[in-house]
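> sequence and predicted model, in that order:
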Amino acid sequence: MSSCRFDLAHYRELLDAAKAGGYTFAFFDHDPRPGDLLLRHDVDLSLAGALTLAELEAEEGVAATYFLMTGSVFYNLAAAPGESAMGRLRELGHRVGLHAVWPRAELDDRFDAVVAWHNPDPPYMSEPIDGADNVMSPRFFNRERYRSDSNQSWRSGCPHEALARGDFEWLQLLTHPEIWVYEGETMRKTMTSMLAAERELRWHQLGEDRIDLS
Ligand SMILES: [Zn+2]
Ligand SMILES: [Zn+2]
């Protein structure tokens, strides 16, 4: 096993480790059962990054729940690329939940009835939500059965070895697609890679918008 880099090669190894450990890729639609791996992706910054990860997972025969924002500073689900991204995620067999910004958790029929708060504060983090499941409620969350890659830092280490050994009775694994799809040894370098890709995308979008780029 290579070192625990935040790149797509190691992401594949993480999925392979979960398979080796006998885990079942499960959704937030039932109480976690022994052997369930609740694969969760909060999409904070980039739909293109989410789609790249989603395609890789489909190749690997794996399904996840993607949490998308309606109030994102960085992308727009109401525009054509947003609509097609949501369609593609479903087509690949993934689920789509709402990545909500407190205090608004307004679900519409684009979303399954499941919510993950963006950058939540402790007072409401695990509180019930009307008409939806909260991924951080006690039903789906406890400290021993939760790992997150936030800002390229696993608080208890990369979980690939523990997954391969089947150490977790079940696990909620939160990963942020941008961290794995865009490469860099630090978060700043990863963001530099992402911004380079975004710049290309913006040039393309300007052309599509009939801006004279001659
Ligand atoms: Zn690892
Ligand atoms: Zn977030």
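Ah, there it is. Ligands and ions are numbered 1, 2, ... in the order given.
> other residues contacting stretch 147-154?
Here stretch 147-154 makes contact (Cβ atoms under 8 Å, 6 or more residues apart in numbering) with 4, 6, 155-156, 159, 171-176, 179-180, 186-187, 190. Backbone N, C-alpha and C define where each C-beta goes, glycine included.
> is it up against ligand 1 anywhere?
No - Stretch 147-154 stays out of contact with ligand 1 when judged by Cβ under 5 Å from the ion, the minimum separation being 8.2 Å.
> break down this protein into its helices, ranges please.
Residue ranges of the helices in the chain, as given by DSSP state H, are 8-20, 47-59, 80-91, 122-125, 160-165, 177-181, 187-208.
> distance from the chain centre to the second one, please.
Which is helix 47-59. 10 Å (Cα atoms, centre = their mean, to the nearest Å).
> ok, and of the contacts of stretch 147-154, which contact ligand 2?
Near ligand 2, judged by Cβ under 5 Å from the ion, there are no entries from the contacts of stretch 147-154.
> give me the buried subset of those.
The neighbour count (16 or more other Cβ atoms under 10 Å) marks Phe6, Pro159, Leu171, Gln172, Leu173, Leu174, Thr175, His176, Ile179, Trp180, Thr190 as buried among the contacts of stretch 147-154.
> so what's the fourth one up against?
Taking Cβ under 8 Å, 6+ apart as the criterion, Gln172 is in contact with Pro32, Leu38, Arg40, Val135, Phe140, Phe141, Arg145, Tyr146, Arg147.
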